[in-house]
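>>> give me a 3D structure for the following:
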Amino acid sequence: MTAHVYISWRLRQIAGQGRAAMKRNWLIFRAAAVLLLAAAPSLAAPIVEGVPPRDLTDPKSLRSEPLSGVAPVPIADLFFTRVGTDGIWIPHSGAVAIATNLTGRFNLWTVPAGGGFPLQLTQSDDRQLGLAASPDGKWIVFQSDHGGQEIYDLYATPASGGAVVNLTDTPDVDEQSVVFSPDGSQLAFTRRPKTEPSNNIAVMDFATRQVRQLTHEADKDFAWGP
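Next up is the predicted model:
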């Protein structure tokens, strides 16, 4: 067979395969279209019933497959699960601040960014979260409630450790979601007296602790946040 004859034969073979593939794809498309049209009435039908009723599961019928070589976990151990709620970078310090219940309560800790054991900054029986670091890295501001009543005050603590300062000290007003201004001179946060339905935005002069409310939302369906 000469090269010219072989090339002509190969081109006819490829063309035949192309026509066969097109015919096969066309048949598949037609079959899919027929199935879709047949199912259309049921797909378009409105859903008028919920989950069909069924008998309640008998708790005694439930069983967990045992894992060989593993002892049961004591119930008391489940109370030692530890989590974190917040984490922020502390500028110019090479560390992060976190809120974690490592000791059983959500307090503030710092952890070296390069690794290492955390250093506890605060000790309280009340949960502490919503962290914000000052731009110079010297202060960490956070929110904490009292006795679980979810009316939060704003507090500040030195990032290197030291006394905690209550910035707002308002038992009947909830303050949350604090952020520092870029120059670190002011704080913005949400403010809501417990008798009012909506959050508003307030700012505090960090040096003098003077608070000024910026918004006055009267509609209970709306709220403001920094």
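>>> quick one: the strands in the chain?
84-90, 95-100, 107-112, 119-120, 128-133, 139-144, 153-158, 165-166, 173-180, 186-193, 200-205, 211-213 (DSSP state E).
>>> can you list the domain ranges for the chain.
Domains of the chain are assigned by automatic domain parsing as 1-45, 75-213.
>>> residues contacting Met204?
Leu154, Leu167, Thr168, Gln186, Leu187, Phe189, Gln210, Val211, Arg212 (C-beta atoms under 8 Å, 6 or more residues apart in numbering). Backbone N, C-alpha and C define where each C-beta goes, glycine included.
>>> swap that for Pro135, please
Pro91, Phe180, Pro182, Asp183, Gly184.
>>> and for the residue nearest to Gly147 when sequence neighbours are not counted, the neighbour number?
Residue nearest to Gly147 in three dimensions, not counting chain neighbours: Asp126, with 7.0 Å by C-beta to C-beta, 6 or more residues apart in numbering. Asp126 has 16 neighbours, counted by other C-beta atoms under 10 Å.
>>> is Arg105 in contact with Arg127, as I believe?
Yes - Arg105 is within contact range of Arg127, at 6.7 Å (criterion: C-beta atoms under 8 Å).
>>> leaving out sequence neighbours, find the closest residue to Asp172.
The nearest residue in space to Asp172 (C-beta to C-beta, 6+ apart) is Lys194, at 5.4 Å.
>>> ok, the one you found touching Val173?
Yes - counting by C-beta under 8 Å, Lys194 touches Val173, with 7.1 Å between them.
>>> more crowded one of these two?
Val173 (18 against 12).
>>> grab the nearest non-local neighbour of Lys220.
Pro197 (3.9 Å).
>>> make a markdown table out of the strands of the chain and add mean pLDDT and distance to Leu78.
What follows is those, written out as a markdown table (pLDDT from 0 to 100; distance: least, C-beta to C-beta, whole Å):
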| stretch | mean pLDDT | distance to Leu78 |
| --- | --- | --- |
| strand 84-90 | 88 | 18 |
| strand 95-100 | 92 | 17 |
| strand 107-112 | 92 | 21 |
| strand 119-120 | 90 | 24 |
| strand 128-133 | 94 | 22 |
| strand 139-144 | 96 | 26 |
| strand 153-158 | 96 | 31 |
| strand 165-166 | 96 | 34 |
| strand 173-180 | 95 | 30 |
| strand 186-193 | 95 | 34 |
| strand 200-205 | 95 | 40 |
| strand 211-213 | 95 | 42 |
